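Chemist: only geometry, no sequence info:
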Ligand code: E4P
């Protein structure tokens, strides 16, 4: 499973890219708004340069297919690794089917059900973002939807990749990998939490202090 970072914060993306463990970035209007009021184009171009080999999703905000197509065709001129993020809806799927014919890569977002995933795959989505945390929040099992969508992808050999989005904690990442998601997009905080284990920290400290004792014994 590939790991993407789910943020528009350049400091976080720079740090995540330096870690060497992420293969892409997802943004959305909320994450971009948190980042301030500067030029979105510049922010996305900078993100693309920090993760040059990975998809960087930039979301359309129009509510109709013509508007989304105009936005998406502009976004892909910003950098070669921009994917056009399209909210799941009738107009969105119209736009995705045209983008697919034009060779423009898409990330269909706000998918919460297997039926929506079937429609997104049928429209030709490159990535299908199925949200876990937001479903859990309202008492549904978000990870079960990921598992069901992965099973459909395998049964029908969809070329679309299944992206586990709305990840809230490290266990979600493990579960997404276990059910066969192609990608998990992870908030930076969760990415850092994935590194933590008290036994690892304790082990590193012990190795360092034993190494120092050994060096002191050799030089004595
Ligand atoms: C995915 O691309 C979305 O930006 C994101 O995962 C949404 O997560 P949230 O439910 O934490 O806002």
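Modeler: Perfect, I can see it now. The structure displayed is predicted, hence computed values, not measured ones.
Chemist: Let me know the pLDDT of the residue nearest the centre of the chain.
Modeler: By Cα atoms, centre = their mean, the chain has its centre lying nearest to residue 185, at 2.8 Å. Note on residue 185: pLDDT of 98.
Chemist: ok so it is a strand residue?
Modeler: Yes: using DSSP: H, G, I helix; E, B strand; the rest coil, the assignment for residue 185 is a strand.
Chemist: Skipping adjacent residues, who's closest to residue 100 in space?
Modeler: residue 124 (2.9 Å; Cβ to Cβ, 6 or more residues apart in numbering). Glycine gets a C-beta too; all of them are placed from N, C-alpha and C.
Chemist: What of residue 67?
Modeler: residue 60 (7.4 Å).
Chemist: Could you measure from the one you found over to residue 104?
Modeler: 11 Å (Cβ to Cβ, to the nearest Å).
Chemist: go on, residue 152?
Modeler: The value you get for residue 152 to residue 104, if Cβ to Cβ is used, is 24 Å.
Chemist: who in the chain is up against the ligand?
Modeler: 6, 26, 28, 109, 129, 131, 133-134, 165-166, 185 (Cβ under 6 Å from any ligand atom).
Chemist: Turn the residues you listed into CSV, columns for distance to residue 219.
Modeler: As requested, the residues of the chain next to the ligand are exported to CSV (distance: Cβ to Cβ, whole Å):
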residue, distance to residue 219
6, 49
26, 52
28, 57
109, 60
129, 57
131, 58
133, 54
134, 59
165, 54
166, 55
185, 50
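Chemist: Show me those that map onto helices.
Modeler: 133-134 (DSSP state H).
Chemist: ok, back up a step: am I right that the residue nearest to residue 67 is in contact with residue 66?
Modeler: No: Residue 60 lies out of contact with residue 66 (Cβ atoms under 8 Å); the separation is 11.1 Å.
Chemist: Please say which of the two ends up with more neighbours.
Modeler: residue 60 (25 against 12; other Cβ atoms under 10 Å).
Chemist: Need the per-residue pLDDT for the more buried one.
Modeler: Reading off the model, residue 60 has pLDDT 98.
Chemist: Give me the phi and psi angles of residue 69.
Modeler: Here is the backbone geometry of residue 69 (degrees, to the nearest 10): phi -60, psi -40.
Chemist: Would you mind measuring from the nearest residue to it once chain neighbours are set aside to the ligand?
Modeler: Leaving aside its chain neighbours, residue 69 sits nearest to residue 95 (5.2 Å; criterion: Cβ to Cβ, 6+ apart). Residue 95 sits at a distance of 17 Å from the ligand (criterion: Cβ to the nearest ligand atom, to the nearest Å).
Chemist: Now do the helix or strand encompassing residue 95: which elements does it pack against?
Modeler: Assessed by DSSP states H and E, residue 95 sits inside helix 90-102. Packing partners of helix 90-102 (3 or more Cβ pairs under 8 Å, 6 or more residues apart in numbering; DSSP states H and E): helix 65-75, strand 82-87, strand 106-111, helix 114-123.
Chemist: Since that was my last question, I'll sign off now.
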